[in-house]
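Asker: Build me a structure from this.
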Amino acid sequence: MPALADADLKRHHQPRTQAPLVIGHRGASGYLPEHTLEGYAKAIELGADFIEPDLVLTKDGKMIARHEPMIGATTDVASHPEFADRKSKRLLDGVEVEDWFASDFTLAEIKTLRAVQPRANRPQEFNGLYQIPTLDEVIALAKSQSRLSGRTIGIYPEIKHSTYHADLRNANGRRQFGRHYFENRLLAKLHAEYGNSECAPVFIQSFEVGNLQYLSQKTDINLVQLIDADDVNADGSISLVPPYKQPYDFVKAGDTRTFADLLTADGLDFVASYADAIGPWKPYLVKTVADNIDRNVDGAITINDRRVDGSTGVLELAHAKGLKVHTWTFRNDASGYGFADPQAEMTYYYDLGLDGLFTDFADTGVAARDASTNTGSNIEACGRHGRHNRQYR
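Answerer: Residues are numbered from 1 along each chain as shown. Have a look, this model is predicted:
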């Protein structure tokens with residue numbers, strides 16, 4: 001397979017008709033510590049089309065890959081006595097959290113830490129081996145792996161907690177970063193590396209809304225509105241409890257709309273005014289039925305044993321609005337809704353017409369896609385009709 005030159009990677013990228021994507025969730029986090037270069041490389045080796053760096057800011061404003069601003073669970077910071085006094089309490093999306101926060105560390109200090117596996121049931125032998133990468137390093141890896149493999153490896157960055165980062169203040173009470181610092185830094189980097197194009201192998205995702213609306217005025221890169229929830233109720237309905245009830249910028253603004261409201265016809269029209277795709281938690285997409293069968297063979301009848309019974313209609317409605325649908329998260333060690341076989345679970349969702357899914361186990365995702373009848377929805381495929389939904393166009 002011929003190598004791809006940097007010019008090819010920047011010139012583009014996503015094919016006009018695209019098979020459903022396999023997105024390496026935090027890398028290959030089922031096998032290696034999440035958000036490490038080694039984990040991302042493993043996901044690519046296993047066949048992922050995109051790798052996902054969740055992004056937070058350091059004290060000196062550098063973008064690093066961590067799932068949350070808190071770094072206590074995913075690094076060895078607790079074993080560094082020189083940082084013991086950095087543990088503090090902060091409000092994150094209205095909830096008080098005590099931990100070590102990335103924004104209290106310079107990048108140089110972050111680079112002295114090593115990643116650890118936060119899930120006790122996953123391999124622990126790689127703890128303490130791998131550094132915490134910057135966005136620059138993740139992009140460099142994706143490009144080098146694209147050249148080596150002859151296939152374009154995309155990146156799927158998430159802006160974590162925009163409101164939190166914008167509200168951070170230093171010891172003098174001044175804003176540490178300020179409004180849209182995060183978004184502007186991210187766009188400057190992505191435009192420099194990939195150009196300002198809807199065909200760039202990039203999706204920018206967020207659980208907040210205002211940051212995506214801001215970005216929609218600044219970039220043609222694809223934007224994804226994430227849709228969260230707290231849990232699933234015993235009857236299969238979605239549980240919406242703070243801080244997973246609403247986008248946090250809605251909370252701050254007094255907007256009463258919930259995440260579920262964004263999946264109604266009116267809600268999807270609203271999302272389509274600034275975004276190109278939705279990323280709903282997977283229970284939003286399927287109907288389920290309780291029939292007292294222990295489907296996952298764990299010896300107990302729980303919500304996880306409910307039988308899936310087709311689409312809720314969210315996926316089809318989103319497609320009708322011109323929005324792609326990428327759902328999350330699929331795990332070999334935590335299948336949902338009565339699927340004892342994680343590959344069968346992923347194939348089921350692909351067969352519904354999904355445009356992509358996030359998985360901790362990219363190899364299982366690839367096998368599931370290969371077994372699926374889904375060849376791609378071709379919803380406003382790249383470059384086909386120009387930019388579609390965004391109202392400002």
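
Asker: what's the first-to-last distance across stretch 142-161?
Answerer: 24 Å (Cα to Cα, to the nearest Å).

Asker: Could you do stretch 28-48 as well?
Answerer: 9 Å.

Asker: and what of stretch 57-76?
Answerer: 18 Å.

Asker: cool, and stretch 277-289?
Answerer: So stretch 277-289: terminal residues 28 Å apart, Cα to Cα.

Asker: got it, and stretch 195-215?
Answerer: End-to-end distance (Cα to Cα), stretch 195-215: 15 Å.

Asker: Kindly report the same for stretch 194-205.
Answerer: Start-to-end, stretch 194-205 (Cα to Cα) is 17 Å.

Asker: can you give me the mean pLDDT across that stretch?
Answerer: Averaging pLDDT along stretch 194-205 gives 97.

Asker: And residue 281, how close does it get to residue 215?
Answerer: 22 Å (Cβ to Cβ, to the nearest Å). (C-beta placed from N, C-alpha, C; glycine too.)

Asker: now residue 245
Answerer: 23 Å.

Asker: wouldn't residue 159 be in contact with residue 55 here?
Answerer: Yes. Using Cβ atoms under 8 Å, residue 159 is in contact with residue 55, at 6.1 Å.

Asker: neighbour count winner among those two?
Answerer: residue 55 (25 against 22; other Cβ atoms under 10 Å).

Asker: and that one, what is it in contact with?
Answerer: Residue 55 makes contact with 63, 64, 65, 66, 135, 157, 158, 159, 160, 182, 186, according to Cβ atoms under 8 Å, 6 or more residues apart in numbering.

Asker: The closest residue to the fourth one other than its chain neighbours and residue 357: what is the separation?
Answerer: With Cβ to Cβ, 6 or more residues apart in numbering as the measure, residue 56 is the residue that lies nearest to residue 66, at 5.0 Å, once sequence neighbours are left out. Between residue 56 and residue 357 the distance is 24 Å, computed by Cβ to Cβ.

Asker: right, and residue 261 touches residue 271 too?
Answerer: No. With contact defined as Cβ under 8 Å, residue 261 does not reach residue 271; the gap is 10.4 Å.

Asker: Those two - which one has more neighbours?
Answerer: residue 271 (24 against 16).

Asker: I'd like the list of the contacts of residue 55 that fall within strands, please.
Answerer: 63, 64, 65, 158, 159 (DSSP state E).

Asker: what's across from the second one in the sheet?
Answerer: Same thing as residue 64. residue 56, residue 134 (DSSP bridges).

Asker: list the contacts for it?
Answerer: 55, 56, 57, 58, 102, 107, 110, 132, 133, 134, 135.

Asker: Mind listing what's buried along the helix or strand hosting residue 363?
Answerer: Element membership for residue 363, per DSSP states H and E: helix 362-371. By neighbour count with 16 or more other Cβ atoms under 10 Å, helix 362-371 contains the buried residues 362, 363, 364, 365, 366, 367, 368, 369.

Asker: which one of those residues sits closest to residue 251?
Answerer: Here the nearest of those to residue 251, counting by Cβ to Cβ, is residue 365; it sits at 33.3 Å.

Asker: Surely that closest one is in contact with residue 346?
Answerer: Yes. Proximity of residue 365 to residue 346 meets the contact threshold set by Cβ under 8 Å, at 5.8 Å.

Asker: where along the stretch 1-150 of the chain do the strands fall?
Answerer: Taking DSSP state E, counting those that start in this stretch as the criterion, the stretch 1-150 of the chain carries its strands at 21-24, 50-51, 54-57, 63-65, 88-92, 95-99.

Asker: possible to save these as CSV with distance to residue 222 and mean pLDDT?
Answerer: CSV is the format used below for the strands of the stretch 1-150 of the chain (distance: least, Cβ to Cβ, whole Å; pLDDT from 0 to 100):
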stretch, distance to residue 222, mean pLDDT
strand 21-24, 12, 98
strand 50-51, 11, 98
strand 54-57, 16, 99
strand 63-65, 19, 99
strand 88-92, 27, 96
strand 95-99, 30, 97
